[in-house]
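S.K.: Got a predicted structure plus its sequence, pasted below:
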Amino acid sequence: MIAANTNNFKKIIKAMGLLFIGVLSFLPTAYGQSSGIKTKLIVNDSSYFETRGLNVLVFSNHYGLFGDEKASGIEIIHHEVRTATNGDVRLNPTPEQWDSIPQFVKRNVNKSNNSIEAFLKYPAYNFNYSVKVTALDDGIRISVTLKKELPDALKGRAGFNLEFLPSAYFGKSYLMDDHSGLFPLYPASSMIVKSDTIDPRPLATGKKIVLAPEDPERRVIIKSSDNELQLFDGRNKAQNGWYVIRSLIPSGKSGKVIEWFLSANTIPNWIRKPVITHSQVGYHPSQQKIAVIELDKNDKPLASARLLKVNEDGNFTQKLSATIKKWGNYLRYNYFTFNFSSVKENGLYVIEYGNVRTKPFRIANDVYVNAWHHTLDIYLPVQMDHMFVNEAYRVWHGASHLDDALQAPVNHEHFDLYAQGPSTDTRFKAGEHIPGLNVGGWYDAGDYDIRTQTQYGAVINLVQTWELFKPLRDETFIDQQTRYTDIHHPDGKPDILQQIEHGTLQLLGQFKSVGHAINGIVEAHLDQYTHLGDAVTKTDNLIYNPKLKEHESDGFTSGNFDDRWAFTSKSSALNYGSIAALAAASRALKGYNDTLANECLLTAKKVWDEEQTHAPDMFRHNNTTGGALQDEKLKSILELLICTGDKKFADSINAGLPDFEKQFGRYASLAVRAIPYMNASYKQKIEGFVKKYKNNLDRIARQNPFGVPVTTGGWAGNGQVIGFGLTNYFLHKAFPHIIDAEYVLRSLNYIYGTHPGSDISFVSAVGTESKKIAYGNNRADFTFIAGGIVPGVLILSPDFPENKEDWPFLWGENEYVVGLGASYILLVHAVNDLLKE
């Protein structure tokens, strides 16, 4: 065996040596043994370079709000894994979040000469350049061209970077000229202190680098005759950093200043393994059961698939063998469906297609009954701000942000989508402490801010769950007086009411403190915002006192300017959204916390009346100032109508009918929930809208094989999928003869694994295979929070579905959001309700 391995190694080295002679080669071999076949990249009809087993995208995707999406510039999809990104001119060896990014100007795609060129600029430096990729017989040439030489301010700073995904190269090696090395599992590069920054030193430098020479699926060669190549580990600066290969742009030179030749090995006749997308949780016996089989476009489909029952002795019994049905092409794959709805027997099952077999899943009457428990028991408690959260031997975090919050300065735009307008709109001066905000609320997502829009959305969904289904589950001890939460510790109170109370306390606290809903509360400093770990260590929990020196304290206040800022510009949209949640909460909390319930309803009525005395406050900034004014106002009208039965609110709902008709999908849930409080003619009108909406559902069903809306953009679409399911639930309950229950079940099936790209459940710890690495506040440990729901499949333009299962830091794919948790709990209850029918 040793001799055989040695001979194979010699063959690999020999093959690599032959490759180094040429400009580059795709190495279309398995295990380094050359077949003499060359596969050339061609610019395809989707405007990216393509050959079997390899795609090169050139600015098909662009930088977003933060520049940290890791989805821009030159990107490599290598054997259907996106392994490289951000091939572009950057001003740092290993750029961090919020470091300078260029502005995209235009892109020229030239199919006749097989090249793509992008033009970009850094306006602050009057610096313009282009990045061009040209396909050659054996690979690609990457060149950077300047019309004029590098500005003085960018000399020694600007360079061409190409970033490689660390998890794709963990446990693999590299060769840089005559130097060999191993890609570090954990960052340990030497650092150099400069006047304005601390940067890593390169792991290696040279003129030619071979990444993963031993791995035919990941081997990449980059060489340059005129530019030195440097290999960096970006994780020394930030845990979400990638490995970076970089060449500095030479000073005093224009024209072509960077030229690289890049090759990526492709395995001959490579075909991506089929994916059997299905629900990892399983199926109810009576529901439709359709798995969607995702095939490489070069794969030849088999005729059938099998459903096997798992026996107690470990053997399998075939329960169904059926012909798969062609759905067609979607994105870059071919899709087929396998319908096993006829199987209704309770048990454990697997689906087998050729040599691919799924993990076991259940068919059972109670398959979804407990599917929401982790989200209520674990995820929501972990997200509770201003509380000490314990679980058995583990402390999730201390009672954080007890020093909330300082008034944000005027005319200030924050780095995380918040902004303060020209006035504070409060009685407080900039930097002054606002009392009463250090209560309730949840961490918004994988970060720690309190985004008001998220808070009231979560409260409304939790209230709907309580009012419709009354879940009495009690597995968490929550004491607001002592700020203590203990997971797996019943306290005799329904957990969902305690969570409603927690969110409500923050919303009500805002009105009590400043008189209106605020945009949110967030860290003032970037180095605090990027904090990973226990949130209690982000601040000293002592109110800032400018009269004290830094690190000085009187025991109650301190001179440390680490308190979070409250962004308080008045927005009528936020006011309406918040009082909608307060009105709803007043109903849920009645009989549980009557004092709080009464205060919620009184506040909601008072703020509603006050809003009618003036033109709307229209301060708008990104996604932190509420939804559309009309949408948020209608939410508050509905909740106040349910609370009071007041005719003026019913009249306002009737006045919204023209808008409902124009955009029924947008207003459907609200419109249907109002039916019990309206007259008969109202329901008749809504029924007409529903019939038209049904045509839209049929159109969506034809768009993709999953039967739900799959969104594109920088944030994946699980929120829209869950919202789609909830809308159809309310429509089905009101008009079951028009809207079938299957439209609701499809949404949950999608979340549980029937989606593009993989078959993983997007709810951590729910289902056989679920998200085990996600973007929670514990993401630096490559782990998860049970019950958290991630955004899901990100469709990278033009056609690549992605959800990284080995890299948590892509927030558009993997970041938990508390609002998604609340809506998921509601959807699971809705599905369980339908299955009782």
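M.R.: Structure received.
S.K.: shaky segments in the protein?
M.R.: Filtered on pLDDT under 70, the chain yields the residue ranges 1-39.
S.K.: Let me see the ranges of the strands in the stretch 151-300 of the chain.
M.R.: Per DSSP state E, counting those that start in this stretch, the stretch 151-300 of the chain carries strands over the ranges 159-164, 173-176, 179-182, 191-193, 198-200, 204-206, 208-211, 220-223, 229-233, 243-248, 255-264, 275-277, 282-283, 290-295.
S.K.: Mind checking those for the one nearest to N61?
M.R.: Proximity to N61 (CB to CB) singles out strand 159-164 among the strands of the stretch 151-300 of the chain, at 13.5 Å. Any C-beta I mention is one placed from the backbone N, CA and C, and that applies to glycine too.
S.K.: ok, back up a step: turn the strands of the stretch 151-300 of the chain into a markdown table, columns for distance to V817 and mean neighbour count.
M.R.: As requested, the strands of the stretch 151-300 of the chain are exported to a markdown table (distance: least, CB to CB, whole Å; neighbours: other CB atoms under 10 Å):
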| stretch | distance to V817 | mean neighbour count |
| --- | --- | --- |
| strand 159-164 | 26 | 25 |
| strand 173-176 | 37 | 20 |
| strand 179-182 | 37 | 12 |
| strand 191-193 | 34 | 10 |
| strand 198-200 | 32 | 16 |
| strand 204-206 | 39 | 17 |
| strand 208-211 | 35 | 22 |
| strand 220-223 | 35 | 23 |
| strand 229-233 | 30 | 23 |
| strand 243-248 | 29 | 23 |
| strand 255-264 | 35 | 21 |
| strand 275-277 | 23 | 25 |
| strand 282-283 | 25 | 24 |
| strand 290-295 | 26 | 24 |
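S.K.: Relative to D138, tell me which of those wins on proximity.
M.R.: It's strand 255-264; of the strands of the stretch 151-300 of the chain, that one is closest to D138 (CB to CB) at 6.8 Å.
S.K.: Which elements pack onto the longest helix seen in the chain?
M.R.: Longest helix of the chain, by residue count under DSSP state H: helix 680-703. Helix 680-703 makes packing contacts with helix 657-662, helix 664-673, helix 718-734 when contacts are defined by 3 or more CB pairs under 8 Å, 6 or more residues apart in numbering; DSSP states H and E.
S.K.: repeat that for 6 Å
M.R.: In terms of contacts (3 or more CB pairs under 6 Å, 6 or more residues apart in numbering; DSSP states H and E), helix 680-703 is packed against helix 664-673.
S.K.: and L731, how many residues sit next to it?
M.R.: 26 (other CB atoms under 10 Å).
S.K.: With adjacent residues omitted, what lies nearest to it?
M.R.: I739 (4.3 Å; CB to CB, 6 or more residues apart in numbering).
S.K.: That neighbour against Y729, yeah?
M.R.: No - contact criterion CB atoms under 6 Å: I739 and Y729 do not qualify, at 8.9 Å.
S.K.: and the gap between the nearest residue to A303 once chain neighbours are set aside and K300?
M.R.: In space, and not counting its chain neighbours, A303 is closest to T323: 6.1 Å by CB to CB, 6+ apart. Distance, T323 to K300, using CB to CB, to the nearest Å: 15 Å.
S.K.: and those two? which has more neighbours close in?
M.R.: The residue with more neighbours, out of T323 and K300, is T323; 12 against 8, by other CB under 10 Å.
S.K.: Give the burial count for the closest residue to Q407 other than its chain neighbours, as a bare number.
M.R.: Distances taken as CB to CB, 6+ apart place F428 nearest to Q407, at 4.1 Å, with adjacent residues excluded. Here the count is done by other CB under 10 Å, and F428 has 19 residues near it.
S.K.: again, but for R272
M.R.: Counted with other CB under 10 Å, residues neighbouring R272 total 17.
S.K.: from memory it sits against E80, does it?
M.R.: Yes - R272 lies in contact with E80 (CB under 6 Å); the separation is 4.8 Å.
S.K.: that older thread, any chance of the strands of the stretch 151-300 of the chain in a markdown table, with distance to V672 too?
M.R.: Listed next are the strands of the stretch 151-300 of the chain as a markdown table, based on distance: least, CB to CB, whole Å:
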| stretch | distance to V672 |
| --- | --- |
| strand 159-164 | 47 |
| strand 173-176 | 59 |
| strand 179-182 | 59 |
| strand 191-193 | 59 |
| strand 198-200 | 56 |
| strand 204-206 | 62 |
| strand 208-211 | 55 |
| strand 220-223 | 54 |
| strand 229-233 | 54 |
| strand 243-248 | 51 |
| strand 255-264 | 52 |
| strand 275-277 | 31 |
| strand 282-283 | 27 |
| strand 290-295 | 27 |
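S.K.: closest to P546 out of the ones you listed?
M.R.: Between P546 and those, the tightest spacing by CB to CB is seen for strand 198-200, at 29.4 Å.
S.K.: Report the strands that pair with that closest one, each with its relative direction.
M.R.: Sheet partners assigned to strand 198-200 using DSSP bridges are listed as strand 191-193 (antiparallel).
S.K.: buried sites along the helix or strand hosting V350?
M.R.: Per DSSP states H and E, V350 falls inside strand 347-353. For strand 347-353, a neighbour-count test (16 or more other CB atoms under 10 Å) marks L348, Y349, V350, I351, E352, Y353 as buried.
S.K.: and what of stretch 425-432?
M.R.: Residues of stretch 425-432 classed as buried by neighbour count (16+ other CB under 10 Å): D425, T426, F428.
S.K.: can you count the residues close to the residue lying closest to the first one once chain neighbours are set aside?
M.R.: The spatially closest residue to D425, leaving aside those adjacent along the chain, is K570, at 4.3 Å (CB to CB, 6+ apart). Here the neighbour count serves as a burial measure; for K570 (other CB under 10 Å) it reads 22.
S.K.: bridging residues for I351?
M.R.: Under the criterion used (DSSP bridges), I351 bridges to L307.
S.K.: so who does it touch?
M.R.: Going by CB atoms under 6 Å, 6 or more residues apart in numbering, I351 touches I276, A291, L307, T358.
S.K.: Alright, that wraps it up for me.
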